[in-house]
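Asks: give me a model of this one.
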Amino acid sequence: MQRPCSTTLIWHLSQAALAGRDIYIDQKHRNALEMRGILDQIVAHPQGIDPATFAEVQRYTKYFWINNGPYNNLTARKFVLKTTPEAFAAAAKAAQAAGATFAQSEETLDAMLKRLEPMFFDPNFDPSVTTKAPPPGKDILTASANNLYAGGVTMNDVKGFTEKYGLNARLVKANGKLTEEVYKIDGRYSKQITEIVRHLNDAIPFATEPMQNALRALIQWYRTGEQSDREKYDIAWVEDKASPVDTINGFIEVYLDPRGIKGAWEGLVFAINPEKTKTIKTIGDNAQWFEDRMPYDAKYRKSNVKGIIANAIDIIVETGDSGPVTPVGINLPNDQRIREQYGSKSVSLSNILEAYDKSTPGTMRGEFSWTPEEAQRGMKYGSLADNLHTDMHEVIGHASGQQAAGFKGTPQQAIKEHFSALEEGRADLVGLYYLADPKLVELGIIPAADQDAMVRAEYEGYTRNAIVQLRRVREGTTIAEDHMRNRQMIVRWLMANTKAIEQRTRDGKTYLVMVDPKAFRDGVGTLLADVQRIKSEGDYAAAAKLFDTYGVHFDPKLRDEVVARVDKLNLPSYSGFVQPKLEAVTGADGKITDVKISYPLDLTTQMLEYDGVKR
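Replies: Alright, predicted model coming up:
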């Protein structure tokens, strides 16, 4: 067997991650790849284009690249071009004259632009990619513009229909009949999946033996699409406990689907950071201690927590559902049965967390803090406390709890459109609850002298975020993104049911002020007990009531105030990341001898290279 080689392994895994990018873009909207093709060609051929029009196309295209389509990654709302269809068409024709090549078909450029005009310019056409609070006359599927369903599939259509391929198939209605288009080789997305598999195969000789087993299992799932093969892959991936390099590749998270069933494609490649892994590993090693003391009914606790593998990682490449806008922590697999029987892997994206911290200006914290002392505490302890909360969210949050005895099916199927937000809320609550526990001092995770200040800083920051995050939702009066829903739900529930948080005003500005850490933690424990019960019993009605009351709706006047305050400070609503550039160095025999890594920090160049477009 060939000796494992990390650099060559990283190269092949990264190529596999890049090979699947178009899958997720197509999942976001049926026209998204066509739209990207037009935008890429205009940006790559600016000669002769009106400067003002070109500047607007550049702005829109960067949003499109960062969000993998024409919808805001956090709000699910469509963004549009702020120019005229005529000016856009003139730009496309100028680009064509400068050498741009548009999709080749019998359709003319003018006809294609006219057909796609509503997607580029009309905010009311397919306005939301994922809608869990639909307008009158529509349900969550017909009101959502994503490409996970086709032919006008409704919630009534799926009642009584048995989906053989939940995660990895598009559900299509034709002539009144539902069929599943399976994502696999010789199925839907066969071209992209074939390339992914080719690169995964190339990676196998350079991987550790446990990772080889996982990669082979992943390839088999891509070949057959069968759930049994997906389960074998999940198990093999969890059983790879020590490989220094790892990958996540496949149809995984279900946030894009309003039903919480269909998996969005993503690809990540990362290396374990041994220096930063100590804290998260310590939490994982003591998971049973935390589980035994959860503030919910003992019948929902695991008596034997299975192998939680916890690591801090450095991200190398993120594509699809995980990039350029990225998570900060991941816990997989999502299959509850696999988690309970075989365990899970939790990772904290250490270099992402560091980058976010360094790129967030202190003016944001200061603007929404009630006192200078609160702002200073956040500056000193906020990053450490937030990172620790993320670690506990992933390791003892998502990995905790079990379904009620006799529960049938999956919690996703039972809780439907509220499951993802409920699960994120559950994990957040676990982290918030245990942040104040003396056990963290005993384990050497927090210095005793700093714990109270760290707890207060995290509770204050979490509270502030309930209004600060409204800067991201610049239209409408509802929150669509599940993580944002969960955070608002927790804070608003605490405000309604405890004396931990006060809403105050000063100089016409609104503040949420955490005033009692003990009341905050006690309230978190009470809410966590109820949230765990809802998940364990699959109580859809209780989940719907919880989020409709506290997590979905907000006062647009408060949002407008927050937006004005943030815009005055010239602060961004959210961030995306440019990936490192990897270049293979080959010898005379064509084999890879090394991999060069560089950091171009040029989004336009990187995206055009990824899309195969030459300037």
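Asks: ok, which stretches of this protein are strands?
Replies: For the chain, strands defined by DSSP state E occupy the ranges 149-150, 169-174, 177-182, 245-253, 264-272, 308-320, 329-332, 344-349, 501-506, 509-514, 581-586, 592-598.
Asks: I figured Phe120 hits Pro85, correct?
Replies: Yes. Phe120 is within contact range of Pro85, at 7.5 Å (criterion: C-beta atoms under 8 Å). For every residue, glycine as well, the C-beta is placed using N, CA and C.
Asks: what about these two, which has more around it?
Replies: Between Phe120 and Pro85, counted using other C-beta atoms under 10 Å, the more crowded position is Phe120 (20 against 16).
Asks: skipping adjacent residues, who's closest to that one in space?
Replies: Leu81 (5.0 Å; C-beta to C-beta, 6 or more residues apart in numbering).
Asks: so what's Leu512 bridging to?
Replies: On the basis of DSSP bridges, Leu512 is bridged to Gln503.
Asks: residues contacting it?
Replies: Leu512 sits next to 463-464, 466-467, 491, 495, 501-503 when contact means C-beta atoms under 8 Å, 6 or more residues apart in numbering.
Asks: tell me how far it lies from Asp452.
Replies: Counting by C-beta to C-beta, to the nearest Å, the gap from Leu512 to Asp452 is 20 Å.
Asks: most packed of the strands of the chain?
Replies: Greatest average neighbour count among the strands of the chain goes to strand 344-349 (a mean of 27), per mean count of other C-beta atoms under 10 Å.
Asks: which other helices and strands contact it?
Replies: Secondary-structure packing of strand 344-349 (3 or more C-beta pairs under 8 Å, 6 or more residues apart in numbering; DSSP states H and E): helix 227-239, helix 277-285, strand 308-320, strand 329-332, helix 372-392.
Asks: so which of those is nearest Met294?
Replies: The minimum distance between Met294 and the helices and strands packed on strand 344-349 falls on helix 372-392, with 12.1 Å, by C-beta to C-beta.
Asks: the closest one: which residues count as buried?
Replies: 374-378, 381-392 (16 or more other C-beta atoms under 10 Å).
Asks: which residues touch it?
Replies: Residues from elsewhere that reach helix 372-392 (C-beta under 8 Å, 6+ apart): 279-280, 283, 310, 328-329, 346, 348, 353, 357, 362, 365-366, 369, 428, 430-432, 434-435, 440, 445-446, 450, 453-458, 460-462, 513.
Asks: write the ChimeraX selection for whichever of those are buried.
Replies: To isolate the buried members of those in ChimeraX, using 16+ other C-beta under 10 Å:
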select :279,280,283,310,328,329,346,348,353,365,369,428,430,431,432,434,435,440,445,446,454,455,456,457,458,460,461,462,513
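Asks: which ones among the contacts of helix 372-392 map onto helices?
Replies: When DSSP state H defines the helices, the subset of those inside them is 279-280, 283, 353, 357, 362, 365-366, 428, 430-432, 434, 440, 450, 453-458, 460-462.
Asks: hmm, back to that, the strands of the chain into JSON lines, with extra columns for mean pLDDT?
Replies: Shown next, in JSON lines, are the strands of the chain (pLDDT from 0 to 100):
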{"stretch": "strand 149-150", "mean pLDDT": "96"}
{"stretch": "strand 169-174", "mean pLDDT": "96"}
{"stretch": "strand 177-182", "mean pLDDT": "96"}
{"stretch": "strand 245-253", "mean pLDDT": "96"}
{"stretch": "strand 264-272", "mean pLDDT": "96"}
{"stretch": "strand 308-320", "mean pLDDT": "90"}
{"stretch": "strand 329-332", "mean pLDDT": "86"}
{"stretch": "strand 344-349", "mean pLDDT": "87"}
{"stretch": "strand 501-506", "mean pLDDT": "97"}
{"stretch": "strand 509-514", "mean pLDDT": "97"}
{"stretch": "strand 581-586", "mean pLDDT": "91"}
{"stretch": "strand 592-598", "mean pLDDT": "89"}
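Asks: need those in TSV (columns: distance to Asp292).
Replies: Shown next, in TSV, are the strands of the chain (distance: least, C-beta to C-beta, whole Å):
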stretch	distance to Asp292
strand 149-150	42
strand 169-174	40
strand 177-182	42
strand 245-253	29
strand 264-272	28
strand 308-320	14
strand 329-332	20
strand 344-349	18
strand 501-506	29
strand 509-514	28
strand 581-586	44
strand 592-598	44
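Asks: Glu181 is in contact with Lys164, correct?
Replies: No. Judged on C-beta under 8 Å, Lys164 makes no contact with Glu181 at a distance of 11.9 Å.
Asks: mind showing which ranges of this protein have poor pLDDT?
Replies: By pLDDT under 70, the weakly predicted segments of the chain are 1-5, 104, 307, 361-362.
Asks: give me that answer again for 50
Replies: Applying pLDDT under 50 to the chain picks out residues 1-4.
Asks: which residue is the nearest non-sequential neighbour of Ala496?
Replies: According to C-beta to C-beta, 6+ apart, the nearest residue to Ala496 is Tyr550 (7.0 Å).
Asks: I'd say the one you found and Arg492 touch.
Replies: Yes. Taking contacts as C-beta under 8 Å, Tyr550 lies within contact range of Arg492: 4.1 Å.
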